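**Student:** Below are the sequence and a predicted model; questions follow.
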Amino acid sequence: MLEASLEETVTVQLKDGEVYTGELAGYDQHMNLVIEDGEDTTIIRGDNVVTISP
């Protein structure tokens, strides 16, 4: 699913309830994510991710 979502807008929900929406710019084998929202780039540690929605 992540490969198909590269350069697409995704919504990521974290364990603490925070939600990030932006373009999935990259990921790695640990599901660490790079999300870009136009102005900012956010790196999200994979073990904090609960859901990723297209």
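**Tutor:** Looks like it came in fine.
**Student:** Distance check, the closest residue to residue 33 other than its chain neighbours against residue 36.
**Tutor:** The shortest distance from residue 33 to any non-neighbouring residue, by CB to CB, 6 or more residues apart in numbering, is to residue 44 (4.4 Å). Any C-beta I mention is one placed from the backbone N, CA and C, and that applies to glycine too. Going from residue 44 to residue 36 by CB to CB, to the nearest Å gives 12 Å.
**Student:** quick one, which of the two is more surrounded?
**Tutor:** residue 44 (18 against 14; other CB atoms under 10 Å).
**Student:** residues contacting the more buried one?
**Tutor:** 12, 14, 20, 32-35 (CB atoms under 8 Å, 6 or more residues apart in numbering).
**Student:** quick check, nearest of the residues you listed to residue 52?
**Tutor:** Distance to residue 52, by CB to CB, is smallest for residue 12 among these, at 5.3 Å.
**Student:** and the closest one, what element?
**Tutor:** Using DSSP states H and E, residue 12 sits within strand 9-14.
**Student:** How many residues are close by the nearest residue to residue 43 once chain neighbours are set aside?
**Tutor:** Closest residue to residue 43 apart from its sequence neighbours, by CB to CB, 6+ apart: residue 34 at 5.6 Å. When neighbours are defined as other CB under 10 Å, residue 34 has 15 of them.
**Student:** Does residue 34 touch residue 42 like I think?
**Tutor:** Yes: using CB atoms under 8 Å, residue 34 is in contact with residue 42, at 7.4 Å.
**Student:** in the longest strand belonging to the chain, what counts as buried?
**Tutor:** Counting residues, the longest strand found in the chain (DSSP state E) is strand 19-27. Under the neighbour-count criterion of 16 or more other CB atoms under 10 Å, strand 19-27 has 20, 22-24, 27 buried.
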